[in-house]
Structures are given as structure tokens and as C-alpha cells.
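*Asks:* give me coordinates for this.
(3 chains)
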Amino acid sequence: MGEYLLLLLILLPLVGALFILTIRDDRQEDIHNIHNVAIWILGATLLTTLYTFSLVDIEKNGIQIVEKYNWLEFPPVVILLGADVFSLLLLFGVGLSFFISEICLIRQLINRPKALVSSELLFLGLLNGYFLAADIVSFYIFFAAVSMPLIVLISIYSSRHRKNMIIRLNLYHTIGALLLFIAVITIYTLKNSNIPLNTAGNLNLTGKTEYFVWLAIFFAFISRMPIWPFHYWLTAINSSIRNPMVFVAGNLISLVGLYGFMRFWPNTVPETIAIYAPIFEVVSALTMIFIALIGLSQKDFRYKLFSYTTVYYLFYLIGVFLPTGGLKMNIGYSLFAYLIIITVLSFLISHIEQQKKQLNLKGGGVLCYLPRTSVCLSLFVLASIGLPITPLFWNNFIIISEIFNHNLILGVAVILAMFLAALSFLEELYRLKDKSFSTDSCIIGKDLSDFEIFVYGGCLVILFFSFFRPLWFVF
Amino acid sequence: MVFHTMLLMLFVAFCGLFKLRMRYDRLLSWGISFAFAALFYQYWQLSLHGAEGFSFLWRPSQMGNITIDFRPSEAANKQIIPIFFVSLLTVFNNSIFHYEERKSPFNTFVIFNLISLSLLITAENYVQLITTVFVTDIMGYLILKNVDVSHRYVIYNFFADMCLFMILALVSGRIQSLELNRLLGYEQIGRHKDFVSIVMTLALFIKMGCFLFQSYLLDVSETRFQRMSVVHLLTSPLVGLLLIFKLLNLLTVSDLFIPIFEGMAFLSFVSGIIGFIIHNHIQKKMVYLNMAFLGLLLWILALNKFTWSTLFALYYVAVYIINQLFFKIYLYQNRENDVNKMTSSQETPLLIILLQMMIWAGVFFTLIYLIYQRISAAFILIGGVLLLLVIAIILNHIYKSPKVHRLDYLNTNTARAFSFITNSLLLILAIYYWKDNVYMIMATSGIFLAVAASSIGKPFRYFYNNADFQRQDFSKSFFFYLLVAPLSYLSSHLWAVVDYFLSEKVIASSFSALDKGSLRLFLIVNRRGRYAGIIYVIISILIFLGIFYGRIKNG
Amino acid sequence: MIQNLLIFTPYIALAVGILHLVFLYIFYEDRAKIYSRIARFWLIISLFFGIVFYEASPFAEIFKNNAYSLLFILIIYMLIYHILGLSVSWFSSKNRTGCRFDILLLAASLVLSLLVETNNLLALFSCYVFLSIINYGLVRISDNKIQISLRSGISGIIVLGLFAAAVGYFYYELNGRLGYAELKTFLQQNPTSILCFGAVTALVLPFFYALGIAPLHIATEDKLSLSALPVSHFFAIVLPLAYLGAFIKLNIILYDVYPDVLGQIYLVFALVSVIFGAIGANARINLQRIYAYSSLYHLGLVLLLLSLGHNHTDFAAFIYLFAYLLSLNGAYLVFYSLKSHGEYLSSITGIAGLAETRAYATGALSVSLFSLIGIPPLIGFWGMFNFAYEIIQAKYFISLSITFAFLLIMFKAYLEIIKTAYFEHKVRIFDTVNRWVLLYMVLNVLMITLLVFNPCHIFERIKDMFYVVFL
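*Replies:* Numbering: from 1, shown residues only, chains lettered A, B, ... in the order given. Next comes the predicted model:
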């Protein structure tokens, strides 16, 4: 039963996407069908992930399940898929995030549901492939392929005014993909074969080749991260996306870059580019503070959410670059909680924006009419800023302590950025609860339904249990 | 046994979360109060017999096991019991007075708060410490139940908690342990000691609401009186105080700590005194009065090498009682906030309050004197006297007010008598406890009354009528102009100046210009004339032959 | 005797098909569907016999049938088959029969198969001339015939003249024996002769011209953009493959004699094509012109691979072209669906808001564009993978940097197309898409996405067939 399991994890969502493309979407029943199919597929993917988890030893490091597929004979390429605890954790986190999104979307009226759901499943399938890729060629394939459904999603659901930004962002991502492509082919050519990913860090390259290859890889993954000054387009686009699921998918772009660093980058930075490490740290820290400050001034909650996600991704990135190999699982556990929190917040914000429109409230105070939403939002905002009973708190504590061990000023900058990002959340929460904006006590907004409360409550339970035992769902 | 007590406390607290009708809610509130009282007695007995606590493994980690510990030592009980007692009084007063529409949830939050504080006092690792600090902050927020008022409370506490988080992360990374008892090791191997100490001290000052950081407490003063008192005395400021003991080893790694601490204690005391006199809003006065009490207590602790004793516990209870007495004045003045508008009523409750205040003054001075005897610092006595003096002056302002209008009758509430009885009993108990100093108590009480009756305080009335003194909040302006305004300016302009300008205008535009230039060149080269084809064929032939010729020449 | 006759059946079938169409035309058949069916029928018959007799060569000294030629013929015939099928809707909308088009395509099939099979310069030249005539005939189907004729005519004649001159020179020097082997021997004996090399130039240039390699691309650009859609489709997809097939055979001979010189020359032309192609794609607003310049870029990459001159690089060039043509075919299929009030749209503004009502067409267009860029897991990635692998092995790092830099510039042009389709407001009402066009679109997308997985080891089989040319 262990054979083809990893391939199944990749193919399930892709097959689902294909199936959904064949469904008509001109009637309400058909739209329900689309969502139901997606939920079943996502549920099946989650169960398969859990089953795969049960086959690995969670105490061990390293890849434990490997699948080999002969792809080409000229040049010879053997595709390796491999799973370890970290990749499975991310797989589960992303899958759960999409599952929650799909469940929350089922009762909403959305534009072009077929395109949304099929692109989302396609994206998930390719992202699963990315997490499971265990050799450099397949790693590149999924790294580049993941952009495609994302471009489609962003193009359909982003604001028309951002079209030039989208063009630039796509060009920028393509530059990154090309750089990684060249680096991968160079490595492939030098080694005369496709090498496993876990040996990519021990390549023993020399001279200009080493310099070029590692720089190319570095910039390839950086192109997915919102690092100043190339963060602008990603920021402008993501903050303009109103569909919560597309927002969640858009935010996973940075996860692609982060994961790339965690997998491909060697534990010890090669000497040739180690001298640039301080510059990188400075730029990352400055970007974090910069983005957090801008998020503080912005009135749009979604922008604040985006700036928060940016700060956290860069925080994890700094954690990855520390000269200690022991943080991977902490980052993984923290990411798991982070993904769930971001998903729920995205939907809550979307709900609030809809209600603001319906109740014609331009300023704050909308939560005065939505008590359930107010409670949910408060809890998840607290969870996002590091409430101690969430896994985000504990794992962030470990990462920050290592950052401080490495460099005090960097640590202070990171904390400052996280504080500003959290502060912007708290300020917005207060603005939404500010009674001085609320005009008529007779207005009743459409609050969260019992079903939605159940879903969000479930997410809180997951977060709570994850704090006590990170892999409590592994049987 | 201690574990069972805690469990029962949790259970009692959860009972308060039931949503019942008003009448049943009151019954439930009383029930909770009595149950809480029984639990207090039980705990007190257990502490006397040195009962063992409990410890649970929460989760293992690479830095050591994270446990939930509650093993109260004798020193810890000296902190837990007075807090327990004050919480008990709070719960009872809640049941007595009708300042909460729903009493049971209020009791619940107070009990949760107590559990959290107890776990904070007995915490042996960072995680438990930080978690309990957060929980206490949240309980304070829930008790306030007011979005506007709690805004700055949340922000200030969050900032302080982040500083705490940051420093503990820094320290744990260095000493690779989560145990609080390993903090001593930081002195030897730690780096950035000044930074650690100063930031930690700053965090504690913010939590305590010391000089310059009292803005959030002033905001809290706009909520109901009792809620304000609970937040002042049982949540963040108290947490700040308790953290001094838990983190003392860390605070003292730098030589700068003691001077800064003593300086802040002094400034808090002085600004507290001044603020108490100046402001006409009684709740704001209480903020400053508590600040003055805190300042004095901090000074005492510094002189006593940060060792807690029973006297300090009693000091804390005394502060709670004076808060209650002022609350009753406010209540019986028909919930009048403006001292200027209070009337010089001779009603019985107000007279009883005055009497109680008198006795309280005597007891308080005795307490201060005993502390002075222990520590031998003149400032303590001076501080205590100053406190009593200003309280007397304010009582003069209230009881000798030029306004003589008739007070409306409050709604009938026979339970209020219990509050008077409780306070009186406490004061009598105090007199009995210090029966050797009864003359001092009586003398101080008499002097206190004389000062309150005299016209010493009359000139200070000037401040009540000065709008500038009433409106101005120096700490608010200080932070606004130092932090908030520059931050807002920076954040709103960063986007335009750096983000948009650099990314969009510079980078994108330069590529766009390059693009346009190359297109123009292309269109020139790629002209579509009739003879273009011929020319290109000729060029192609020339390229062929040129390269061939070059190759031949080079051999 | 019968056996010899049977060898000719593929060609006879095509000839019969042409005659059949002529008869139909004479008897006033006016349905385009019928003409197309007849043409396709005879094409399939020809293909069938071509497969059966793939190793049997008519006039074996001149034409050599083998697996290599079969490979090209298979692909060419399949492409022509589906162009014939698609052309029905176009001609029907213009109330034309498409008879001339079908006849010319059958004739082209015949000539193209001979072109790929030939081992003789004279035969090569003859096929080239016939093809030029056929192309001219196809061009005249369009409404812009005069414009195209003028521009392409002059340079085409010059190139033909050069080709004729070269053939004439070699005919004279080799005493009428114009086989590739004889040619190679002669050239090896005169490696430094400038006259010889001039003649070689005159042999290579026509192929550059036919493929549209810069700076000889203007005529090709005109043909692709101004011709009727089915004609443009044929020019864009079928001709490059056929010319490449013939050129590779010739190049094997020439490159052996002038490796360094031709390598450098091809490199220069390749880089110029890459640059012109990328910038030109951004300079145009007509969709077919944009794709014409895109072709220029991709053919530049093919030429870059040919400049390396090894067996595996030649095969990589073929793979790259194959992947590219499959992706380009996807774009052309979308063009067939871009109809508004019976008019086929060719400007980029014509696809404004396409995503709003034609999600599948936009999706197919996006997939083809991504494949052209080489984004995995599409077929274009496989071509790009082979290209990059060969170039890096040859250590042509500067060329690689230039090609990838200009790939980004070209991608910008593709993104403009995607932007227009997704972001602009819809200004037209699009006509219903023909179901066969839709079916072909879906099949093409499936091929683009599934072929890359190497089902049934198809790539290994293709390689075996291709490598026969080196034997």
C-alpha cells in the first residue's frame, strides 16, 4: 500500500481539477457539485496524507518514503519523490488550509467557481509535488509549474487596475524560475545525472561555477519572497485580492521560496557567498520593519494581513539562514499553525468586508453588529500575535532565541517588526469594535452561521492540541 | 490536596459562565462568593501545614521539559494568600454592590485571574511564566468589558509582554534552558547584560503603570470604579510587581538596574502624589494614588533587597481597602466623579466612611512605621506621611466642600451593610494585630482627622478649576510626540517615498524606458522597404563570407 | 514491377487525390467540407502506404526512405491532416470551397515528403522550387496577396537564384553527380576554396530564408501575418519542420567539412534571430505577427543547437522544434475560435476580455504560451531542458545568458496577450466555437501536458528513428 502513495498525493488534486473542468456551472446545483467534488478530493488528500504520516517514524529525521520513476533516457532523468516528517507536515497544513477554505466557500456566492476550484486543486497538486520532490529536476519542475495556476487565479480574481503589476510579478517570477533552471541544469551537467535533493548541499563546486550556481539558486528562491525592493508588486497584487481563497493561495508563493531554501540550501552557506550573508540579513530585517510600518498605516485590513504574512515569512527565512540545523521542525510546526490562522483570518476579513458593504459602514464599528464574528476575529488575532497556547508561540520562541544567539540587533529588528505587525492587527481590531463609528443600534448584520462557528472552533481546537503535541493527529 | 483546591476553584469559576436570569445570577454570585471563601480557608490551612503542590509535564522540548508547576513555598504563599484574600474581597464586593449587570462572569474572571497569578508566582519555567502573564492580561481585558477603555491597556501590555518574550528568548538561547532557577547563570555567561536588564525593567515599569507609563491606567479610569480597582490591583500592575521577584536574577545583571529602579520608584511616587492632588476626577485620582502607593512600595522593596515579607502583603491589602473606601465615597456621592461637585453631606454612610478612613490612616501609618523599623530609611516614613497628608487634603475637599445640595437616595440594597461590616472588621483586626501600637494608631488617626478638617487643603482647589491641569496628560503627549506621530508619519510616507518611488518608478520605469528604446531601434532596423529584402540577403552573404575569411586567415 | 509500382503508391495516392479534387471542382461541388474530406482521405491513404513502404525508396540514389524520413512524414502528414480539417470552418465562413487550398496542400505533402527523403542536390533544389511555387499559390488565396507578393517576391527570387547558382556550380564541378556523398567528398578536397564556400553559402541561405532566420525573416513574417489563417497555420507549423528535416541531412555533410566556420555562422544568425524575435514580438499588435516573431526566436534556438554540430545536438534541435510547434499549434487553434460576426480576429485587441466568455479558449491560449516559454510540466519544458543541457555541456554560457534574457523579453509579449485576454473589458461578442475546433484544442492541450511524461517511451522511439540519419 506504500507504493505510489506519494504519486497519489500529487495526482489526486490534479484529477479532481480535471473532473471539475468537465462539470457545467450554469446552474446552482452544478456549482454545489463543484464544491462538493472539491471537498471530497481535498478530504481524500488529507486522509492520504495522514495515512502516509502513519508510515513514517516521527522521531527520525530525513526522508523515509521514497518513490522512483524513470522519466527520460536522454538525457537520463530519474524522478525521485520522497517524504519526511517536515514535508508531510507542510502538505497536511496546506491541504487543511485549502480544505477549510473550500468548506467556508461553499455557502458564498463567488464569481466563476469552476475556474477558481479547478485552479486551486491544480495549484494544490503541484504544490504537493513540490513538497514531495526529492531530486533537483523534479524540484525545479514543480517550483516552476506552481506559478501557472497561480497566474490564472490572480489574473481572474485580482483587480483590473493591477494588471501591470501582475505582468511585472510574473516576469519577476519567471526570472527566478529561469535562474533555478540554469542552476539545476548546470549541476545536472556537472554530475552527469539527476542528484537527490538532500545531497545538493554537498556539491563541492569550485570557483566561478560555485559562485554562479549558489547565487542563481539564492535569487531564484528570493524571487518568491517579498524582499525589498522587489516586494512591491506582490504586495500590491495580494492586497487587492478580495477572494479569500485566492488570497490564501497567493500567500503561499512565499512558502514556495521558503521551502526551497530549507531543502536546497546547504546547512553551511558556501564560502564564496557567505560574505553576503550579513547584507541579506540586513535587507530582510529592514524589509520586515518596512512592511510592518506600512501595514500599520494602511487602513485596509487585508493589506495588514498581507504585511503580517510577509513579516512572518521573512522571520522564518532568517531562521532558515541561521548557522544551526535544528530549527527545521520548529519552523514546520510554526508554519502549520500559521497557515490555519491565515486561512481563517482571510475568510473572516472577507466576511467583514461584505457586511461593511451591506450595512454601508465606511469607517469602523462593524463588529458591534456582529458579535460572533467579533469573538472569532479576536481569538484568531490573538492567536496570530502569539497567544501562548498556540504552537506559533512556542516555536517562534525557539526560533527567536536562536536568532538572538546569532545576532542581537537582528533579533531586536525581528521582534520590532513582529510587534508592529501585531500592533497593526490590534489597532484594526479596535477600530472595527469602536462604538463611536456605529450609528444605529437597530442594524443587525449577517453574523457567522453555526456551521462557520463550528469550522472556526474546530480550527481553534486543532491549534490548541497542536501546542501540546505537535503531531497529535498522527496515529 | 492543593491540586484539588485548584480544581475546585476552576470548577467554581466555570459555574459563573452560565447565563442565568438576573435573580438567579445574583444567587449564583453569592454562591460563588461563599464557595470561594471556603476555598480560601482551605488553601490557607494547607499553606500552614506545608502541603505539597503538583507538577505536570506539558511537553518535552530540546531546551528542557515544559511543566505546569504549582509547588508553593512559604515565600510564595506570602504572595499568594494576600492576593487570594483581595480577590475574595473583590468577589464579595461584587456580590454586594450592583455595579455589574451580570455578576457571575465578573467573579469568574477574578477567580481565573487568581489562578493565573498563583501559577505565575510558582512558575519554574519561562513558558508557564509568559503564559500566565498573557492570561492575566486577557482577564484584565475581559473584566474591563469596554473596547475604548481597554485599547491602550491592550497595547501597552502587549508591548511589555513582547519585551518580556524577547528577553526570555534571548536568555534561553544563551543558557539553553527554560528553568527560571538557571537565570543566575546568565550573570556569568550572558551577553548584552545592560540591554537585557534595561529592557526587562522597562517592560515591568510599563506593566506597573509607573511614571510616564500610566496612560493606559488613566484610560482604564474611565470605566466603572470597581472594574478599575480590580485592574489596578489584581492584573497588570500586580503582575509587573510579581515579575520583579521572578526575574530578579536577570534584572540585577546590570549595574544600571538599581539606580533606574530607585529613580523610577521616586518619580512614580512624586508624580502620584501630584496627580492625586491636581485631578478633580476621582477615578483619575485613584490612578495616581495607587501609583504613589506603588512607588513607595517599590522603593521599600529596593531597600529591602527585593525580599517580600508579610508586612508588604499587609501593605497591599491596605491599598485595596483605601480603594474600597474611596469607592464608597464615590457611590454615596451619587456616583459623582468630579470632586469639585461633591457635596459636604453629613449622611451616615459618608460619616462611617470617614471614620473608617481615620482608623485606616492610623493603621497604615503603623504599618509604615514597622516597615521603617525593619529597613531604617527615613524616606519611607516621609513617604507614608505624605500619602496620608494628601489623602487628608482630598477628604477635606470632599467633606468640606462648599456645595451643600442634597444627595439623592441610592437604591435600597441591604447587602451594602456587609461591606461596611467587612471593612470595619478588617480594621479592628488590624488594630488587634498591632495592639502594641494602639496609641500610635489613635494619635495618627486624630492628626489625620485634624488635617482633614483644617484648611490646609484649600489652596489646592485651584487646580480643580484649571482646565489645562485637568485635560493635560503629560505621558500621553510624551508618547504621542515621541513615538506615535513619528511612526505614523514614517509609515504613511514610506510607502510613497520608498516603495512606490523606488520599486515602481525607478526599477519598473527604467526597464520600461529600456524596452521602449530597444523597440525604437528595432523598428528602425526592421524597416519594410522594397529593397530591405535584398539588403538583408547581401548582409547575410557577407556574414558567411566574412567569418569564413576570418577563419582562413587565422588558420 | 508491381513491387516497384507499389513503392510509388504514397505519391500516387496524393496525385490521385489532387485529380479527384480537380474533378470535383469541375463538377461544381461547392461544399468546403467535401473537398476537405476527400483531401484528408487521400492523405491518410498516402500515409498508410508511406508507413508500409517506409524503407522502400523510389530512385534510391536520389531519394532515401528510412525511419528518419518516416518520422518527419508522419508528423507532417498528421499536421496537414488536421489543418485540412480546421480549414473547413474558415472557408465556409468566407463562402469559399477551399479547393485550391486542399489541392495545394496535397501537392505540398508530396513535395515535402520528397524534400525530406532526398539525398541529391538537384532533387533538393527541385523540391525547393516546387515548394516555392506552392507557397506562392497558397499566398494568393489571401486577400493581401499583392502586398505579400511584392515584398517576398524579390528576395525569394534572389535566394532561388543563389540556390540555382550553387546547384549549377556543383553540377559543373561534380560532373552531374549531385549526391550528398559526392558533395561531401568534393568539399573535403577544397576546404579553403572561397568559391566552394560561396556555393555552400548559397545552399544554406535558402533554408535560412525558408525558415525565416533573421535577417531574412521579413518575407516569412509577411507570409505568416497576411496570409489566410489556414495558410498561415500551414506556413507556421508544417514548413519549418519539413525544411529542418531536409536541412539537417544537408547540414550533416556541410558541417563535417566546415565545423568551426559554420558553427560560428549559425551562432551569429541564431543570436540575431533570438534578439530580433524577442524584440519584434513586443513591437507588434497583430497576433499572427507576434507569433511570427516568436517563431523567429524559437528557430534561433534551434539554429543555436545546430551550431554545435553533434548528433545529440541535432536531435535536441529536432525535439525543441517539435515541442515548439506543438505549443504554437495550440495558439493557432485558438485563432480559429476567435470569430466575431463571422470575421476572424487577428489583432491583439480582438481578444480583449476573452476570458469572460471563452474560458477554455483562454485556458488553451495560456497553456500554449506557457509551453512556449518552457514552463514545466508542459512539452515546451522538455524542449527547453534539452536545449539548456546541450548548451551548458558545450559551455556556451554567453549564448545561454542572451537567449534567456531575451526569453524574458519575449515572455513580456506573451504576458501582454494574457493581460488583454484576462483584464481588458470585452468589446466584442464572440461567435460560437466550432465543436471540431474545440475538440482539437482539447486534444492539443492534452498532448502538450501529457507528452512530457514520455508515455510508452515515445521519446526513445523517436530518437531511434531520428538517429538513422547519422548512419
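
*Asks:* skipping its backbone neighbours, what lies nearest the residue in the stretch 151-300 of chain C that chain A sits nearest to in space?
*Replies:* For the stretch 151-300 of chain C, the residue positioned closest to chain A under CB to the nearest CB is residue C:282, at a distance of 11.9 Å. C-beta: built from backbone N, CA, C; applies to glycine. The shortest distance from residue C:282 to any non-neighbouring residue, by CB to CB, 6 or more residues apart in numbering or on different chains, is to residue C:413 (4.7 Å).

*Asks:* show me what whichever strand or helix holds the one you found is packed up against.
*Replies:* For residue C:413, the enclosing helix or strand under DSSP states H and E is helix C:397-423. In terms of contacts (3 or more CB pairs under 8 Å, 6 or more residues apart in numbering or on different chains; DSSP states H and E), helix C:397-423 is packed against helix A:147-157, helix A:163-191, helix B:509-525, helix C:259-283, helix C:287-306, helix C:354-357, helix C:359-373, helix C:379-393.

*Asks:* burial measure for residue 399, as a count.
*Replies:* Picking chain A for this. 23 (other CB atoms under 10 Å in any protein chain shown).

*Asks:* can you look at chain C instead?
*Replies:* Close neighbours of residue C:399, defined as other CB under 10 Å, add up to 18.

*Asks:* how far away is the residue most central in space within chain B from chain A?
*Replies:* Within chain B, one residue has its C-alpha closest to the average C-alpha position: by CA atoms, centre = their mean, that is residue B:236, at 2.7 Å. Shown here: residue B:236 relative to chain A, a distance of 16 Å by CB to the nearest CB, to the nearest Å.

*Asks:* next, residue 84: phi, psi?
*Replies:* Reading this off chain A. With angles defined as degrees, to the nearest 10, residue A:84 sits at phi -130, psi -180.

*Asks:* show me what contacts it?
*Replies:* A:56, A:61-64 (CB atoms under 8 Å, 6 or more residues apart in numbering or on different chains).

*Asks:* got a winner among those residues for most neighbours?
*Replies:* Taking other CB under 10 Å to define a neighbour, the member of those with the most is residue A:63, carrying 20 neighbours.

*Asks:* are we agreed that it is in a helix?
*Replies:* No. Counting by DSSP: H, G, I helix; E, B strand; the rest coil, one finds residue A:63 to be coil, located in no helix.

*Asks:* spell out which residues of chain C are next to chain B.
*Replies:* C:150-152, C:154-155, C:158-159, C:162, C:192, C:194, C:197-198, C:201, C:204-205, C:208-209, C:215-216, C:218-219, C:258, C:260-261, C:264-265, C:268-269, C:276, C:279-280, C:282-283, C:409, C:412 (CB under 8 Å from any CB of the partner chain).

*Asks:* got a PyMOL select line for the buried ones in those?
*Replies:* Here is the PyMOL command that selects the buried residues among these (16 or more other CB atoms under 10 Å in any protein chain shown):
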select buried, chain C and resi 151+152+154+155+158+159+162+197+198+201+204+205+208+209+215+216+218+219+258+261+264+265+268+269+276+279+280+282+283+409+412
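
*Asks:* before we move on, back to that, pretty sure the residue nearest to residue C:282 is touching residue C:281, no?
*Replies:* Yes. Shown here, residue C:413 and residue C:281 form a contact pair, counting by CB atoms under 8 Å, at 3.8 Å.

*Asks:* low-scoring stretches of chain A, by residue?
*Replies:* Flagging of chain A using pLDDT under 70 yields the residue ranges A:1-2, A:26, A:109, A:160, A:266-269, A:325, A:437-444.

*Asks:* and the residue in the stretch 51-200 of chain C that chain A sits nearest to, what is it in contact with?
*Replies:* Chain A sits closest to residue C:71 of the stretch 51-200 of chain C, with a gap of 15.6 Å, by CB to the nearest CB. Contacts here follow CB under 8 Å, 6+ apart; on that basis residue C:71 touches C:462, C:465-466.

*Asks:* next step: those residues restricted to helices.
*Replies:* Among the contacts of residue C:71, the members found in helices (DSSP state H) are C:462, C:465-466.

*Asks:* could you measure from the spatially closest residue to residue B:3 that is not a sequence neighbour over to chain A?
*Replies:* Counting by CB to CB, 6+ apart, the nearest residue to residue B:3 once its immediate chain neighbours are dropped is residue B:54, at 4.3 Å. For residue B:54, the distance to chain A (CB to the nearest CB) stands at 17 Å.

*Asks:* just the pLDDT for residue B:54.
*Replies:* According to the prediction, residue B:54 has pLDDT 83.

*Asks:* check the offset of the longest helix along chain A from the chain's centre.
*Replies:* Here the longest helix in chain A is taken by residue count, with DSSP H as the criterion, and it is helix A:328-359. Average the C-alpha atoms of helix A:328-359, do the same for its chain, and the two points are 11 Å apart (CA atoms, centre = their mean, to the nearest Å).

*Asks:* hang on, the earlier thing: now the residue nearest to the residue nearest to the centre of chain B when sequence neighbours are not counted, what's its secondary structure?
*Replies:* By the measure of CB to CB, 6+ apart, the closest residue to residue B:236 outside its immediate chain neighbours is residue B:207, 4.9 Å from it. Following three-state DSSP, residue B:207 is assigned to helix.

*Asks:* could you give the angle of the helix or strand encompassing residue A:310 to helix A:328-359?
*Replies:* Counting by DSSP H and E, the element that carries residue A:310 is helix A:301-320. Put simply, helix A:301-320 runs at 180 degrees to helix A:328-359, going by axes from the mean of the first three to the mean of the last three CA atoms, to 10 degrees.

*Asks:* which strands and helices sit next to helix A:301-320?
*Replies:* With contacts defined as 3+ CB pairs under 8 Å, 6+ apart, the packing partners of helix A:301-320 are helix A:232-238, helix A:244-264, helix A:277-297, helix A:328-359, helix A:391-406, helix A:408-433.
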